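Colleague: no sequence on this one, just coordinates:
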């Protein structure tokens, strides 16, 4: 049995309870700096207990769906009775959906920030820097997030065993 990375309790061996994250190893930088790079991917599985798994997966759908529905209803009403004044028109669905998606993204980001910053919520799902395997891979030159194609890659950013590294 593994220990949950997020809360420290013991986990079950269920495959659903692991958080899978992709790490990136830059193998080669292109000849012209900032014009791209070649990389490899490595998937790592971070153990988490059933409680943390449920908290990370269910928490935000319970926030985002009601925000979207309430926003959608309000904007349909606005476009039907305030802007259109002719009653409901099918075309009013398009801006109502678009605006509702934007409002949902903004409000859920704010709510996520406050939920994740409270001490009771524990670590965020993406808080993996202190996981043992991640620390070992980053020491070897792996990146937690994929670098942008236009990012300036130097020889020090390449994997330590890359044949293109000039150390």
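Modeller: Perfect, I can see it now. Nothing here was measured: the structure is a model prediction, and the numbers come from that model.

Colleague: flag the shaky bits of the chain, pLDDT-wise.
Modeller: 1, 13-15, 31-35, 56-61, 84-85, 87, 115-126, 167 (pLDDT under 70).

Colleague: how long is stretch 3-18 end to end?
Modeller: Length of stretch 3-18, first residue to last, C-alpha to C-alpha, to the nearest Å: 11 Å.

Colleague: tell me the buried residues in that stretch?
Modeller: By 16 or more other C-beta atoms under 10 Å, the buried positions in stretch 3-18 come out as 4-6, 11, 17-18. C-beta here means a position set from N, CA and C on the backbone, and glycine is covered the same way.

Colleague: how far is that stretch from where the chain is centred?
Modeller: Computed by C-alpha atoms, centre = their mean, to the nearest Å, the chain-centroid distance of stretch 3-18 equals 19 Å.

Colleague: how about stretch 102-116?
Modeller: Centre-to-centre, stretch 102-116 and its host chain are 13 Å apart (C-alpha atoms, centre = their mean).

Colleague: buried ones in that stretch, by neighbour count?
Modeller: 103-104, 107-108, 112, 115.

Colleague: nearest to residue 30 among these?
Modeller: Distance ranking of the buried residues of stretch 102-116 against residue 30, using C-beta to C-beta, places residue 112 first at 36.4 Å.

Colleague: remind me what whichever strand or helix holds the closest one packs against, helices and strands.
Modeller: Assigned by DSSP states H and E, residue 112 falls within helix 93-117. Counting contacts by 3 or more C-beta pairs under 8 Å, 6 or more residues apart in numbering; DSSP states H and E, helix 93-117 is packed against helix 61-77.
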